[in-house]
Each structure stands twice: as C-alpha cells, then as structure tokens.
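S.K.: Just to be clear, the model below is a prediction. Sequence and coordinates:
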Amino acid sequence: MRAKDQLGLDGEAAASVHLERAGMRIIDRRWRCAHGELDIVAVDGDTIVFVEVKTRRGLAYGHPFEAITPAKVRRLRLLATLWLAATGRRGPLRMDAVGIIAPRAGAWRVEHLRGIS
Amino acid sequence: MSGFGRAECVALRGLEGVGVQIEVHASSGLPVVHIVGLPGPAVQQARHRTWSAIARMGLTAPSGRVVINLTPASLPKAGTHFDLAMAIAVLRASGVVPPDDEATALLGELGLDGRLRPVAGTLPLARAAAEAGMTRLVVPTASADEASLVAGLRVLGAPSLAHAAALLGAELEPEPVEPVLADPVPARAHAALDLADVVGNRDAVDALEVAAAGAHHLMMVGPPGAGKTMLAMRLPGILPPLTQVQALDVASLRSLSGEPAAPTLDLLPPFEHPHHSATAVSLIGGGSGAIRPGAAARATHGVLFLDEAPEFPRTVLDMLRQPLESGTITVHRAAGAASFPARFQLLLAANPCPCGQFGSGDCTCAPQQRRRYFGRLSGPLLDRVDLQVRVDRVVPGVDGERHRRTTADAASRVTEARARAAHRLHGTEWTAMGHVPGPWLRRSLPLDRALLAPLERALETGSLTMRGLDRTVRVAWTMADLDAVASPSLTHIGRALALRKGIPA
C-alpha cells in the first residue's frame, strides 16, 4: 500500500474516533460504488451524516478543507443518494467535512465542519 | 468562528463619485471567497491579489467561508482601486485591524507581494471621497501627492498593505519596502510655444486673439503649410489660466484617462488634437467596464483642435453637437451612464478644397468636389463657429521687420477683454461673449442703427444669414473688449465682417 493511501486510512480512523466522541454513531465506512467512495456514514440523533475526510501531513499545500472543492461536494451528494437507494434508509441528511493535519512528529489536529453544502 | 469587517471606498460614474462600503463576513465552512455586489472582472480577481498579499505580508486572513459585499450592491463596480479597501475589510474580519474610528476611504491596487500600486483616476476618486464625507484617505505612496490636491482630506500614503494596516491601528511592525513609483509626467507639447514664432498671417493672429478673448469657436481655412497647426497650438498659451476648480477638473479627467498625474495643478488650458481617423468613442468617451473620457471631455476648459476637420467622419463630427450645446457629455453603456464636463473651445482647421490649392494656386478640384468637401462639416456644427478665417502661405519678406506679438502681450490683452466681458455679463449664466445666444444679444445689448447698416446690407444681398449676423455681432463685441472700448464701432463691425470673407463655404 502506498504511503498516501495509508495516511488516508489512518485519517479516517482518527475521524471516526473524533465523531464518536462527539456523540455520533458510525454506521458505514468506505462504502464503494461505480461512482466513487463514501469515507464515513454516521448517525447524529436521527440525522444521517455523510462525512468527507481529508488528511494532510502539513499546510504546505494548503489547508485540507481547501481540497474539498464544489465539484467534490456535488459528488458527495450524488454518492449519498446512491447510498440511500442501496440501503433503503430514510431520514434528515447532512454533509460534514473532517480535516486532519497529521504531522510526522507531534499531535494531530482534527477539525470538524458541520453542514458543508 | 465568525467575523465581520467593513471599509470605505468610492466608485466613479464619469467624474461623479459614489461612496462604496465594503462588508466582509467570515464564517465557518469550507474555504471559499464570494464577492457580491456586481463586481466587474477586475474586482472578481481582487480575491487572488488580496489573499496573496495578506499571506506575503505575514498577516492572517479568515480561514473559512468569506463573503465580501460591495454596497450599494446594485451599482456595477469596475477597476482595481477596491483592492486595498477589500483587503483591510478582510483583515478587520479576522481581527488583525481594529474597526475604524474615523471616516477613512481606502484606495489602491495590490500586488501579489503586498505592495500598493497607484491607480488611474486617483484624483477624481479622492474628490469623490471628500464629497462623500470622508475625512481621511489612505492611498499608495505614489498617489499621495495627487490625492493631496483635494482640499479637506487628510491623505496618508502607504507603500504596502502592512503599512496601511499599521496606519489603521493594527499592532504590527511593517517591514520597509520599496514603494511602487508612478510613471513620469510627460511634458505638454504646447506649453512652451510662443505666438512670436508665427511669421505673417496678421489676420489669423488677430482672429486667434479674438477667439481667446471671447471664447469663440474658430475655423481656419488655408492651403497646407500655411501654419494653421502652428497657430492652433499657440491658443492655450493666450487663454486665461485655469481657475483652481477648472484645473482640478482637467487633472481629474487626465487621471481618469490613466495619464500620470503632476504633483502640482497644471493651470495651462488643455489642448486635445485627435487625428481625423478618430472614432466616436475616442472623441466622446466610452469603453467596456469603466467608462473613460474621450478627447472632447479631456479638452474641457481648453481647446479641442480638429485638424483636417472635413476629413472626420460626419457622424463623429455631429457627436460634438451635444457638448457644444450643453457643455457636458453623457455616455450610455451597459455598465450605466457617465457624465463628463465638456465645455471646450472648438478649433477647426481645413484645407480650402481636397487638393488644398483653391484660392492660392492651381486647384485641380471640380467645383462639385469642393462643395462636397465642406458639406461634411454639417450646418449645425458650423453654426456654432463664430469665427472663420482664411490663413494663407507666407510670402517671403512679409512681416520681416515688424514687431511680432508675443504670447505674453496677447495673453494680457485677452485677460483684460475677458474681464470687461465678464463685467458686462454679470448676473447672467455666461462669462464670455462667445457663449451668449443671439436673441439675448439682440434684446439686451442692442446696437445703433448706423452700426447695423452694413450688416443689413449683407443680409439683403444674401452674403450673410441671420445666424451669421448674430455671430458677426458677437465677434464685434469681443473686438471692442480687446480695444477696451464700451461698445463696438463701425470699424469693429467691418473687421468682424472681413474675417468671414475668403471662406468658400
């Protein structure tokens, strides 16, 4: 496995921990279909939350959130509807973003944005 | 996380300014910058200049979603002078710069390195800021002198965004930077020309002096090489110097055209000489985005010289009728309407015929060609030209020894004549005889029957029209002013009539 993919997995794991601490329950991870992949699907109360996770080693290439472009948000929405169709679940929906700055040395920083679109 | 910041700027519609307030709201969300309030392309791109400049200066921009609103939101905004105000409003939203405690307008373009660059139109923008009630103005260092020409504004020059932020109360020590300099001011070509250089052509010099004294529009007709252009370029020198307000208008219009500004006000009346290939837009003003003044507006309070006037397209010439009538030009564009002052003195030069030799040599033109040539100068335009004078080539030996009039002599005579005219016209809306309409002239300044006799004879024989009569009388009054007498004599009438002779049209 390449280093960047491993970093992504580590980031998703860290994001899951962060979300659970915030009182959310993870119901799906790395759900794939022909159109792409959902990082995390969680439930916050009765709201279904689709979470995009972006992890970076540092700020040299900009903040992780800057990589979540309007096009990515649009795709996240498409994947959400596909996930709903595949699982048959219904309920209020929300899109969140988790940005993780993961330096090689030192503490990781996790930022959580609720309702990005 | 949520932040709010404001800063003041101005937008221009022609020479008139509108106060523009810039609001910035920073909130949590994915990083994105929205600019709203009808920003033009240059204002849209300001986001990149602003964010780069803030980063290069080591300052902090808000991290999340940022909305920048330019109010009034319905007014289209064009130009790069909003950069500084946008950047400062952004820095207020992120808490770097404290809110303003004084009405301060901010003007200037940002470079990616954070240095401030001068913008076109600084002078009219500064004027507009003062009119909008601002007491303090921050501009790029290079524009500080220009902006200081406006009274009632405390002008602060800043070389970079960090310096501007520090001036506005941010707690930081800006690093010294090399300020971006303005372009050097070009010398005005007609500034040092003296009337004494003109050899011969006494009539034409007289006519030029009369034109200056009465603000009469003048047409010179003569063969190529007779010295029409030479004479024309010496008119601004004998006109009365501009008043402070007029000079500010002229400098503002130059500034709007993107010309580098002089550190002091230029009191010499402007001289614009568009080429006859000029388009309507170049003469009247226009352009996409910000509406720029044309040659007619830049000639305001000065001289608009059309050399080879019949070669101008007729549609272009007729564009001049509105400004000649009202003294202003209104340009309508998709971005809105803009008004410019355009009270200029029109100076036309023409050859007597297409080949140029009619009346002085071997003309090869058919009569029909000659008629068509002058027909391009439409009646309504020529109607407003009081003085039409023939300029001939100088024959060797003429005028060799006689005393030639200098610009200084002529200018002092013109100033005195203008004072007499202004005294006579006191209480009216006009200041020079050339502006007075015919009916008012006939009613309020009636002439003796004996003086009118030669004019009525000319009217009967058809060599003078009723409008032509008014023009001749106006010119006679100005001649009387130049001779420092109370009203025109028969000599003045005769000379005014003589000046109109020798014109084929």
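M.R.: That came in fine, so what should we check first?
S.K.: Show me which residues of the stretch 1-150 of chain B are close to chain A?
M.R.: In this structure, the stretch 1-150 of chain B approaches chain A at residues B:Ser28, B:Gly29, B:Leu30, B:Pro31, B:Val32, B:Ser63, B:Gly64, judged by C-beta under 8 Å from any C-beta of the partner chain. (C-beta placed from N, C-alpha, C; glycine too.)
S.K.: Spell out the residue ranges of the strands in chain A.
M.R.: Ranges of strands within chain A are A:25-33, A:36-44, A:47-56, A:93-101, A:109-114, based on DSSP state E.
S.K.: Now tabulate these in JSON lines and tack on mean pLDDT.
M.R.: What follows is the strands of chain A, written out as JSON lines (pLDDT from 0 to 100):
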{"stretch": "strand A:25-33", "mean pLDDT": "94"}
{"stretch": "strand A:36-44", "mean pLDDT": "95"}
{"stretch": "strand A:47-56", "mean pLDDT": "94"}
{"stretch": "strand A:93-101", "mean pLDDT": "93"}
{"stretch": "strand A:109-114", "mean pLDDT": "92"}
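S.K.: Save the ones you listed as TSV, and put in distance to chain B and mean neighbour count too.
M.R.: Listed next are the strands of chain A as TSV, based on distance: least, C-beta to the nearest C-beta, whole Å; neighbours: other C-beta atoms under 10 Å in any protein chain shown:
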stretch	distance to chain B	mean neighbour count
strand A:25-33	22	14
strand A:36-44	15	18
strand A:47-56	10	22
strand A:93-101	6	21
strand A:109-114	6	16
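S.K.: Need those in TSV (columns: distance to B:Ser143).
M.R.: Converted to TSV, the strands of chain A look like this (distance: least, C-beta to C-beta, whole Å):
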stretch	distance to B:Ser143
strand A:25-33	57
strand A:36-44	51
strand A:47-56	41
strand A:93-101	41
strand A:109-114	41
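S.K.: So which of the residues of the stretch 1-150 of chain B next to chain A wins on neighbours?
M.R.: Highest neighbour count within these, by other C-beta atoms under 10 Å in any protein chain shown: B:Leu30, with 22 neighbours.
S.K.: can you pull the contacts of that residue?
M.R.: A:Phe65, A:Ile68, A:Val73, A:Ala97, A:Leu113, A:Ile116, B:Gly64, B:Arg65 (C-beta atoms under 8 Å, 6 or more residues apart in numbering or on different chains).
S.K.: Out of the strands of chain A, which gets nearest to B:Leu193?
M.R.: strand A:47-56 (68.4 Å; C-beta to C-beta).
S.K.: got the angle between the closest one and strand A:25-33?
M.R.: 70 degrees (axes from the mean of the first three to the mean of the last three C-alpha atoms, to 10 degrees).
S.K.: which other helices and strands contact strand A:47-56?
M.R.: helix A:3-21, strand A:36-44, helix A:70-87, strand A:93-101 (3 or more C-beta pairs under 8 Å, 6 or more residues apart in numbering or on different chains; DSSP states H and E).
S.K.: Now do it: distance to the chain's middle.
M.R.: A distance of 2 Å separates the centroid of the chain from that of strand A:47-56, by C-alpha atoms, centre = their mean, to the nearest Å.
S.K.: give the contact list for the nearest residue to B:Val119 once chain neighbours are set aside.
M.R.: The shortest distance from B:Val119 to any non-neighbouring residue, by C-beta to C-beta, 6 or more residues apart in numbering or on different chains, is to B:His81 (4.2 Å). B:His81 makes contact with B:Cys9, B:Leu107, B:Gly108, B:Glu109, B:Val119, B:Gly121, B:Thr122, B:Leu125 under the criterion C-beta under 8 Å, 6+ apart.
S.K.: Now B:Pro354: which helix or strand?
M.R.: Here B:Pro354, judged by DSSP states H and E, is contained in no helix and no strand.
S.K.: Give me the distance between it and B:Arg314.
M.R.: As judged by C-beta to C-beta, to the nearest Å, B:Pro354 and B:Arg314 stand 15 Å apart.
S.K.: B:Gln357 now?
M.R.: 24 Å.
S.K.: out of the two, which sits in the busier spot?
M.R.: Neighbour count, other C-beta under 10 Å: between B:Gln357 and B:Arg314, B:Gln357 has more, with 16 against 13.
S.K.: show me the contacts for the more buried one.
M.R.: B:Pro223, B:Cys363, B:Thr364.
S.K.: Recalculate using a threshold of 10 Å.
M.R.: B:Pro223, B:Pro224, B:Asn351, B:Cys363, B:Thr364, B:Cys365 (C-beta atoms under 10 Å, 6 or more residues apart in numbering or on different chains).
S.K.: Quick one: residues contacting the residue of chain A most remote from its centre.
M.R.: In chain A, counting by C-alpha atoms, centre = their mean, A:Ala105 sits farthest out from the average C-alpha position, at 23.4 Å. A:Ala105 sits next to no residue when contact means C-beta under 10 Å, 6+ apart.
S.K.: One more: the one 10 residues further on?
M.R.: If a contact means C-beta under 10 Å, 6+ apart, then A:Gly115 has A:Thr47, A:Val49, A:Arg94, A:Met95, A:Asp96, A:Ala97, B:Ser28, B:Gly29 as its contacts.
S.K.: quick one: the last one and A:Asp96 touch, right?
M.R.: In other words, B:Gly29. No. With contact defined as C-beta atoms under 10 Å, B:Gly29 does not reach A:Asp96; the gap is 11.3 Å.
S.K.: and for those two, which residues touch both?
M.R.: A:Leu113, A:Arg114, A:Gly115, A:Ile116, A:Ser117.
S.K.: tell me the centre residue of the chain?
M.R.: Picking chain A for this. Closest-to-mean residue, chain A, C-alpha atoms, centre = their mean: A:Glu52 / 2.4 Å.
S.K.: My question was about chain B, not that one.
M.R.: B:Arg298 (2.3 Å).
S.K.: Dump the contacts of B:His81 to a markdown table, plus neighbour count, pLDDT and secondary structure.
M.R.: Below are the contacts of B:His81 laid out as a markdown table (neighbours: other C-beta atoms under 10 Å in any protein chain shown; pLDDT from 0 to 100; DSSP: H, G, I helix; E, B strand; the rest coil):
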| residue | neighbour count | pLDDT | secondary structure |
| --- | --- | --- | --- |
| B:Cys9 | 28 | 96 | strand |
| B:Leu107 | 29 | 96 | coil |
| B:Gly108 | 31 | 96 | coil |
| B:Glu109 | 21 | 96 | strand |
| B:Val119 | 22 | 90 | coil |
| B:Gly121 | 27 | 87 | coil |
| B:Thr122 | 28 | 91 | helix |
| B:Leu125 | 30 | 94 | helix |
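S.K.: and the residue in the stretch 101-250 of chain B that chain A sits nearest to, how many neighbours does it have?
M.R.: Relative to chain A, the nearest point of the stretch 101-250 of chain B is B:Leu112 (16.3 Å; C-beta to the nearest C-beta). B:Leu112 has 13 neighbours, counted by other C-beta under 10 Å.
S.K.: Can you tell me the closest non-neighbouring residue to it?
M.R.: In space, B:Leu112 comes closest to B:Ser52 once its chain neighbours are excluded; the distance is 4.2 Å by C-beta to C-beta, 6+ apart.
S.K.: you'd agree the one you found is in a helix?
M.R.: Yes. Assessed with DSSP: H, G, I helix; E, B strand; the rest coil, B:Ser52 lies in a helix.
S.K.: is it true that it touches B:Leu59?
M.R.: No. Look at B:Ser52 against B:Leu59 with C-beta under 10 Å: they stay out of range, at 11.4 Å.
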